[in-house]
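> Quick one, structure for this:
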Amino acid sequence: MEKFKLAIGIHNHQPIGNFDSVFKQAHKLAYKPFLELFEKFDKLKMSLHQSGILWTWQGEMDIKYFDLVQKLIYDERLELMTGGFYEPILPMIPDRDKHGQIEMLSRYLYGQFGVDPTGLWLTERVWEPHLPKALKKAGVEYLPIDDTHFIYTGMEPDDLKGVFLTEEEGAVVKLLPIQKKLRYRIPFGTVEKVIDELKRQAEKNPGGLAVYADDGEKFGVWPKTHRHCYTDGWLEEFFTALSDNSDWLEVITLGQAAVTRPVGRVYLPTASYAEMLHWSLPAKAFVEYEEFEKWLKESGKLERYGRFVRGGHWRSFLAKYEEVNMMHKRMLHVSNKLEQFIRQNPTRHDPFDQARHHLYAAQCNCPYWHGVFGGLYLAHIRSAIYSNIISAENLLTPELEEVQKTMVDYDSDGHSEVLVTTNKFYAIIKPSYGGTLVELDNREAAFSITDTLTRRLEGYHRKLATAKLDGDTTESDETESIHDLVLTKETGLNKLLAEDWYLRRCFVDHFIKSDTDINKFASGKFGDDGDFVLEPWQYSPGGDAGTVRLKRNGHLWREDGIKPLTIVKSYYFQKDSDVISVNYSLTAEKDNISGIRFAVENNFNLLAGHADDRYITFGGVRPENSFLDAVNSHKGFTSTILNDDWGKLVIAVMPDREGEVWQVPIFTISLSEGGFEKVYQGTSIVNIFDISLKKGVPFEVSFLLFSGKPENLPRRFLARGQETPVQKL
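Next comes the predicted model:
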């Protein structure tokens, strides 16, 4: 009798920009021990996919791992799979980049191991119906994909007995349904239950096929799994059980499964694995989804009707998080620019090849979404994306003779942004949203100094109250799935939960109420007497290339009524200057207005909030607590300087009038595989001016913003006014 087949695939990946210590830990705890243990069981076969990022690191750090991979390939026990070299979500990038990314990894695997892969690991299993055509063009014959996708079409789990075909415009690829039931039981259930499930399927479908494919990190990196899999022996017991049942069970590669006779044709909807679709929902819908699914389960209806329950759409992350959308559109801008340059210079390779590598690195998926993993919330991962975007664009931007200024709907929101390029900066100004500076990139450092994150309510925040402190878990907790176990890395995080009512940008113009102190501002629970933060400003194209002049005829809310107020905000750029000037002119149009607290907010991120080599000074004076994540309030100082001694970078803001300045750190509370954690997202610098306006008489204040090397900081930024004691909070 023909044996029942179990096809196994393991996927390993680390994002671009992740800490070297994380690579080392994951390799030591999961990637290497898994393969070393697998080698001992010569009856077993499997497929392995690793991102090009990880392959490259391993090739430099542990050549013995490569030797082991080569041996298993030679023994015909290991199949290598291709994918996007830098692990992009394929539907989010242009087809030309899909092909280029896949070709890059396939060539790498051929060069290192002499294999020509035909199977593809689909990043985060994000599927859209147009993919077959692009995949086929890149030489892909098959891919494993979640049974969830199939079930959304109305199919029953028991219908998924083998390989399916799908196509786009006649381009056919094979699909292997990954069983969610196995994903959740391996390695979190008992080995006995896994084998029992395979026996059940074998009895129901003799000679049939089951597909298991999942992340390798769950075998040692995820909380408690290294001890569970290796010290306590779950993985060895599992491999032993598979081998001991070889009389009826054959463990094969995904490629071997792909050449079995197809059982049917299918057209899958846009989907990913169920958890991803849940994570993509807005906070309120996120909670309601959980409640509905729980109700179905408790009422005994989930098994029958669960296939009709699904979350959102991966692209919804582009709407859920404005920062994701901006990063995505920035990446697309560079991709289009590279394509245009290649068409204009078809015989040139350098610097286009180098720019392409940076572009592909900037397409690494991890910060473009957020779920049970840190993703978007990890500032160092976002920063690596921006660094590669900026580096790619630098290679495509010749030295300028004058400032470049263009208008385009950059973020695809229906409103045009102003793009300014100098030899020092890339800047994006958004007239439709407060006239704010939404992005400022230091070209020389290849660093986005405005890469901060707005604080938002997440659907999972309600679980914070019941989260267990890591280390306080019981035996029964230790092998829970990462999707079920809720931990927290420190106590008291619920007190730090905050939600911003506006996007964290630069030159955000507030009129704060008299009862708003620094603590209330930091909490985000403060009112604004003006209508200048969220509303559109007028911008008229033309004029000097280095000038962006914005105007808003707005209002102030006072006890005696609404007062018309006009603000003109002008940005000035020079092609070779590290300094940007921003001038304000405020005019009361009809009445005198007194008791105004005008506050200009700027948000910056130098990544490390509590490191000795990142610190703040006021007028050149270092306060008692100078960490970037400190809370400070000062009066009389004329400049605020954020210093990064490690990266050799300085950010400085200086108004030409004395006032009060607040330093407020931005912390988010997010969920990661290790539990709830507090993440530093940047520092807010707020300059406050107490003013009164006479009708028709403008109040003017100008700011200088510097970003560059410490030795290039103009001395005038170190000048200071009358000192006052530090206000400790």
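> got the CA coordinates for the helix or strand that contains His49 in CSV?
Using DSSP states H and E, His49 maps to strand 46-50. Output of strand 46-50 as CSV, limited to C-alpha atoms (Å, rounded to 0.1, in the frame of the first residue of the first chain):
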residue,chain,number,x,y,z
MET,A,46,12.6,18.4,4.3
SER,A,47,12.7,21.7,2.5
LEU,A,48,14.5,24.8,3.8
HIS,A,49,14.0,28.4,3.0
GLN,A,50,16.1,31.2,4.4
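> Could you pull out the buried residues of stretch 596-616?
Residues of stretch 596-616 classed as buried by neighbour count (16 or more other Cβ atoms under 10 Å): 596-609, 611, 614-616. C-betas here are computed from N, CA, C, even on glycine.
> circling back: return the list of helices and strands in contact with the strand holding His49.
On a contact count with 3 or more Cβ pairs under 8 Å, 6 or more residues apart in numbering; DSSP states H and E, strand 46-50 meets strand 4-12, strand 78-80.
> In CSV: those strands, plus mean pLDDT, distance to Asp215 and mean neighbour count.
As requested, the helices and strands packed on strand 46-50 are exported to CSV (pLDDT from 0 to 100; distance: least, Cβ to Cβ, whole Å; neighbours: other Cβ atoms under 10 Å):
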stretch, mean pLDDT, distance to Asp215, mean neighbour count
strand 4-12, 98, 6, 24
strand 78-80, 99, 17, 24
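> Between these, which one is closest to Lys694.
strand 4-12 (67.1 Å; Cβ to Cβ).
> Tell me the helix or strand right after the closest one.
Downstream of strand 4-12 (by DSSP H and E), the next one is helix 20-26.
> elements contacting that next one?
For helix 20-26, the packing partners by 3+ Cβ pairs under 8 Å, 6+ apart are helix 52-61.
> who does the helix it packs on touch, helix- and strand-wise?
So helix 52-61, by 3+ Cβ pairs under 8 Å, 6+ apart, packs with helix 20-26, helix 63-74, helix 95-113.
> what mean pLDDT does the second one have?
If you average the pLDDT over helix 63-74, you get 97.
> can you check the longest one too?
Mean per-residue pLDDT for helix 95-113: 98.
> hmm, who's touching it?
Helix 95-113 is contacted from outside by 51-52, 55, 59, 66, 69-70, 73, 80, 82-86, 88, 90, 93, 115-117, 120, 134-135, 137-140, 335, 339, 356, 359-360, 363, using Cβ atoms under 8 Å, 6 or more residues apart in numbering.
> and if we set it to 6 Å?
Applying Cβ atoms under 6 Å, 6 or more residues apart in numbering, the external contacts of helix 95-113 come out as 52, 70, 73, 80, 82-85, 88, 90, 115-117, 134, 137-138, 335, 360.
> Now do the buried residues in that helix.
Neighbour-count burial for helix 95-113 [16+ other Cβ under 10 Å]: 97-98, 100-106, 108-109, 113.
> and this protein, what are its domains?
4-270, 315-448, 496-728 (automatic domain parsing).
> What is the three-state secondary structure of Ile651?
Classification of Ile651 using DSSP: H, G, I helix; E, B strand; the rest coil returns strand.
> May I ask you to confirm that it is in contact with Asn603?
No - when contacts are counted by Cβ atoms under 6 Å, Ile651 is not listed as touching Asn603 (10.7 Å).
> Poorly predicted segments of the stretch 601-729 of the chain, please.
637, 719-729 (pLDDT under 70).
> And the strands in it?
614-618, 632-635, 640-644, 649-655, 660-672, 675-693, 699-708, 727-728 (DSSP state E, counting those that start in this stretch).
> hmm, back to that, ok, of the contacts of helix 95-113, which come out buried?
By 16+ other Cβ under 10 Å, the contacts of helix 95-113 give 52, 73, 80, 82-85, 88, 90, 115, 117, 134, 138, 335, 360 as buried.
> how about the residues you listed, which pair is most distant?
The farthest-apart pair in the buried ones among the contacts of helix 95-113, when distances are taken by Cβ to Cβ, is Ile73 and Ser335, at 33.7 Å.
> outside of stretch 406-425, which residues touch it?
325-326, 329, 400, 403-405, 427-430, 432, 443, 541, 548, 573, 575-576, 578.
> Buried subset of the residues you listed, written for PyMOL?
In PyMOL, this line selects whichever of these come out buried by 16+ other Cβ under 10 Å:
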select buried, resi 325+326+329+403+404+405+427+428+429+430+432+443+548+573+575+578
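> so of the contacts of stretch 406-425, which ones are in strands?
404-405, 427-430, 548 (DSSP state E).
> farthest pair in those residues?
Top of the distance list for these (Cβ to Cβ): Gln404 and Lys430, 17.6 Å.
> In a markdown table, list the helices and strands packed on helix 52-61 along with distance to Glu288.
Listed next are the helices and strands packed on helix 52-61 as a markdown table, based on distance: least, Cβ to Cβ, whole Å:
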| stretch | distance to Glu288 |
| --- | --- |
| helix 20-26 | 35 |
| helix 63-74 | 45 |
| helix 95-113 | 35 |
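> Figure out which of the ones you listed is closest to Asn345.
helix 95-113 (16.0 Å).
> quick check: angle from that closest one to strand 46-50?
120 degrees (axes from the mean of the first three to the mean of the last three Cα atoms, to 10 degrees).
> Can I take it that Glu36 is in a strand?
No - counting by three-state DSSP, Glu36 is not found in a strand; it is helix.
> Against Tyr426, how distant is the residue nearest to it when sequence neighbours are not counted?
Spatial nearest neighbour of Glu36, excluding adjacent residues (Cβ to Cβ, 6 or more residues apart in numbering): Leu68 at 6.9 Å. According to Cβ to Cβ, to the nearest Å, Leu68 and Tyr426 sit 44 Å apart.
> Leu671 too?
With Cβ to Cβ as the criterion, Leu671 and Tyr426 are 32 Å apart.
> same question, Phe219
42 Å.
> between those two, who's got more neighbours?
Phe219 (26 against 22; other Cβ atoms under 10 Å).
> What count of nearby residues applies to Glu169?
With other Cβ under 10 Å as criterion, Glu169 counts 8.
> and the residue nearest to it when sequence neighbours are not counted, backbone torsions?
Leaving aside its chain neighbours, Glu169 sits nearest to Lys133 (5.5 Å; criterion: Cβ to Cβ, 6+ apart). Torsion angles at Lys133 (phi, psi; degrees, to the nearest 10) stand at phi -60, psi -50.
> Hmm, Lys133 is touching Ala171, no?
Yes - counting by Cβ under 6 Å, Lys133 does reach Ala171; the two are 4.3 Å apart.
> Counting neighbours, go ahead and name the busier of these two.
Lys133 (18 against 15).
> Point out where this protein drops to low pLDDT.
In the chain, residues with pLDDT under 70: 470-485, 637, 719-729.
> Pull the contacting residues for the residue nearest the centre of the chain.
Nearest residue to the geometric centre of the chain (Cα atoms, centre = their mean): Pro367, 1.3 Å. Contacts for Pro367 (Cβ under 6 Å, 6+ apart) come out as 375-376, 381-382, 385.
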